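A.B. asks: quick one, what's the 3D model for this:
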Amino acid sequence: MSGINDYIDNEVKGNDVVLFMKGTPGFPQCGFSGQIVQILDYIGADYKGVNVLDSAELRQGIKEYSNWPTIPQLYVKGEFVGGCDIVREMFQAGELQTFLVEKGVSVKGAA
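C.D. replies: Alright, predicted model coming up:
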């Protein structure tokens, strides 16, 4: 199991913003993944999408890694932010953009 854990760890720590999702940013394969993609695209945040449908091991591994039962999962600067509901609520409250900027991630319309 450590192989997949190392892979996840590298993705999480090697990318400022990484979204573990079903499908790809260009072709999300579940509504929740699609919502986060739309939000990130809307605020202009640069991110990497990792398709958990590529491997059952990855799909299970990310849930264990974060101790979070559902996908999608958003990570910023190595920190687990949350799934679709949390990201959507942060976005609607204007907190997501602030959070990203505070973490040093550039977003559209932010100084």
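A.B. asks: right, and residue 28 touches residue 39 too?
C.D. replies: No: assessed by C-beta atoms under 8 Å, residue 28 is found out of contact with residue 39, at 11.7 Å. Where C-beta positions appear, they are placed from N, C-alpha and C, glycine not excepted.
A.B. asks: need the overlap of contacts for these two.
C.D. replies: Taking C-beta atoms under 8 Å, 6 or more residues apart in numbering as the criterion, residue 28 and residue 39 do not both touch any residue.
A.B. asks: which residues of the chain score low on pLDDT?
C.D. replies: 1, 109-111 (pLDDT under 70).
A.B. asks: mind listing the strands in it by residue range?
C.D. replies: For the chain, applying DSSP state E gives strands covering 17-21, 23-24, 27-28, 48-51, 73-76, 79-82.
A.B. asks: for the second one, name the packing helices and strands.
C.D. replies: Packed against strand 23-24 by the contact rule (3 or more C-beta pairs under 8 Å, 6 or more residues apart in numbering; DSSP states H and E) you find strand 48-51.
A.B. asks: who's in contact with the strand it packs on?
C.D. replies: In this structure, residues lying in contact with strand 48-51 by C-beta under 8 Å, 6+ apart are 11, 15, 17-25, 37, 58.
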